[in-house]
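K.L.:
sequence and computational prediction follow.
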Amino acid sequence: MSRVGRKPIPITKGVSVEKANGTVKVKGPKGELSTEIKPDISVSITEEEVMLDRPSDSRQHKSLHGLYRALISNMILGVSEGYQKKLEIVGVGYRAELKGNKLLMQLGYSHPVLFSVPPEIKIEVPQPTQIVISGIDKQLVGQVAAKIRSMRPVEPYKGKGIKYENEYIRRKAGKTAAK
């Protein structure tokens, strides 16, 4: 039996969860999210928790059971607290700045890199070498952070590039002169 799917999902104060036509909608102080649920998985909503149940112990039902439990839990947390990813830019002359709803980055290329920010995401640049990505959708926040990081991934010799805040970069030794 799915260990994740069995756990009840607590509903925090100020958040409402509704199910209609195979869609679960979660409303909270930060916004509204929804996801479609396959008809095999049944969702029961009470005042303080959400429970999911599956019809059989087949592999497909077990995986969907845990998946939907995690998605609904992430939606509840997102509309109540939100999600945040922090990126650091390392390198001489590497910097970022916000121009309207576009992120302009100097990443050592011959041209500046321009990134259009989705309307559901909020990006802040507290320092030229830091980027803070926040929003209510966990998947979208992570995807935007990964997309920005892919513009200039960190290289292992000097450590230059865009990295997550607490990411550890394995450094390599450079070439040594032959004697």
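P.N.:
That came through fine. Numbers count the residues shown, from 1 in each chain.

K.L.:
okay, CA-based contacts and neighbour counts for the rest of this
P.N.:
Will do.

K.L.:
Tyr83 reaches Gln139, doesn't it?
P.N.:
No. Counting by CA atoms under 8 Å, Tyr83 does not reach Gln139; the two are 9.5 Å apart.

K.L.:
show me where this protein has its strands.
P.N.:
Secondary structure of the chain by DSSP state E: the strands cover 9-10, 16-20, 23-28, 31-36, 42-45, 49-53, 83-90, 95-99, 102-106, 113-116, 122-124, 130-135, 161-164.

K.L.:
which elements pack onto the shortest one?
P.N.:
To tie it back to what came earlier, the one meant is strand 9-10. For strand 9-10, the elements it packs on are strand 49-53, helix 59-80, judged by 3 or more CA pairs under 8 Å, 6 or more residues apart in numbering; DSSP states H and E.

K.L.:
sheet partners, orientation included, of the first one?
P.N.:
It stands for strand 49-53. Take DSSP bridges as the rule and strand 49-53 pairs in its sheet with strand 9-10 (antiparallel), strand 42-45 (antiparallel).

K.L.:
now do the same for the spatially most central residue of the chain: its pLDDT.
P.N.:
Compute the mean C-alpha point of the chain, and by CA atoms, centre = their mean the closest residue is Gly142, 2.8 Å away. Note on Gly142: pLDDT of 96.
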